[in-house]
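Have a look; sequence and predicted model below, questions after that.
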Amino acid sequence: MKRFAFVALLAIFTSVAGASEQGPTFRAHVDLGDRPSLQRGARIFVNYCLSCHSAAYMRYSRMGADLGLSDQQVKDNLMFSTDKIGSTMEVALRPDDAVQWFGVAPPDLSVIARARGADWLNTFFLGFYEDPGRATGVNNLAFKDTAMPHVLSELQGMQRAVTETITDADGVEHEKITGFELAAPGRMSEAEYRSTVRDLVNFLVYIGEPAKLERYRIGAWVMLFLLFFTFLAYLLKREYWKDVH
């Protein structure tokens, strides 16, 4: 047990240390009970992400039902790659073409939030910065040398990385990103863009485990039942033991 605890603490420390060397982390404030946020996130996803990234484990019909949208609303606002409400969220982009254009096939995003975490996704979407040395002209704080272009640049604009030189334990100097400054404005203010990214991350967390919404819905009733059952059990126990005491 001591060895296991030591390994676990070492893994946690290594993860935290790696994150601190990379740069700041932008915390996500996920709220799956915020249905308007999920609806806005779905719109951002289909408009900016679904052209390259699929979500093959999510059906349009399931998404609409969970987010409080009718089939017609889903068809009118969220379906651009198919005309069947029961279809999964696939893309027309062929993997071979993606490899030729981007160097790698864009991954399916169905469970990206479970694989990477909401904070990582939030940092990724907020962490694009100018890098003339890259083919796409940008790099990313959370995913260094990513092949993905900054598809939300028209909303956020372009930003430069603010760095400082630090010396590691071995005495080697390297640059660390400490923040960003706006190089070219986009259509949104910083606050508006952060809110948009929150909505998108919210939606990606939802599609990673859609059943979580159902658990949220029935959770309160389960707790009420357990409280009521506990009260009944207490009354039963008192009645059963009244002659003993």
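Arrived safely, thanks for sending.

Any buried residues in stretch 230-245, and which?
Buried residues in stretch 230-245, counted by 16 or more other CB atoms under 10 Å: none are found. For every residue, glycine as well, the C-beta is placed using N, CA and C.

and it, what's its mean pLDDT?
Regarding stretch 230-245, the rounded mean pLDDT is 84.

Restricting to C-alpha, output that stretch in PDB.
Included here for stretch 230-245 are C-alpha records, laid out as PDB according to Å, rounded to 0.1, in the frame of the first residue of the first chain:
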ATOM      1  CA  THR A 230     -34.200   5.900   6.100                       C
ATOM      2  CA  PHE A 231     -37.100   7.600   8.100                       C
ATOM      3  CA  LEU A 232     -39.300   4.500   7.600                       C
ATOM      4  CA  ALA A 233     -36.400   2.200   8.700                       C
ATOM      5  CA  TYR A 234     -35.900   4.300  11.800                       C
ATOM      6  CA  LEU A 235     -39.600   4.000  12.700                       C
ATOM      7  CA  LEU A 236     -39.500   0.300  12.100                       C
ATOM      8  CA  LYS A 237     -36.500  -0.100  14.200                       C
ATOM      9  CA  ARG A 238     -38.000   1.900  17.100                       C
ATOM     10  CA  GLU A 239     -41.200  -0.100  16.900                       C
ATOM     11  CA  TYR A 240     -39.300  -3.400  16.800                       C
ATOM     12  CA  TRP A 241     -37.000  -2.600  19.800                       C
ATOM     13  CA  LYS A 242     -39.400  -0.700  22.000                       C
ATOM     14  CA  ASP A 243     -40.100  -3.800  24.200                       C
ATOM     15  CA  VAL A 244     -36.400  -4.700  24.400                       C
ATOM     16  CA  HIS A 245     -35.400  -1.300  25.800                       C
END
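
Report the distance from it to the chain centre.
Distance, stretch centre to chain centre, for stretch 230-245: 49 Å (CA atoms, centre = their mean, to the nearest Å).

likewise stretch 30-42?
In terms of CA atoms, centre = their mean, the centre of stretch 30-42 is found 12 Å from the chain centre.

Please save the CA atoms from it in CSV.
In CSV, the C-alpha atoms belonging to stretch 30-42 read as follows (Å, rounded to 0.1, in the frame of the first residue of the first chain):
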residue,chain,number,x,y,z
VAL,A,30,-18.7,22.8,-16.8
ASP,A,31,-22.4,22.9,-16.0
LEU,A,32,-24.3,20.1,-17.7
GLY,A,33,-27.5,21.5,-16.2
ASP,A,34,-27.2,24.7,-18.3
ARG,A,35,-29.2,23.6,-21.3
PRO,A,36,-28.9,26.9,-23.3
SER,A,37,-25.1,26.5,-23.0
LEU,A,38,-25.3,23.0,-24.3
GLN,A,39,-27.4,24.2,-27.2
ARG,A,40,-25.0,27.0,-28.1
GLY,A,41,-22.1,24.5,-27.8
ALA,A,42,-23.8,22.2,-30.2
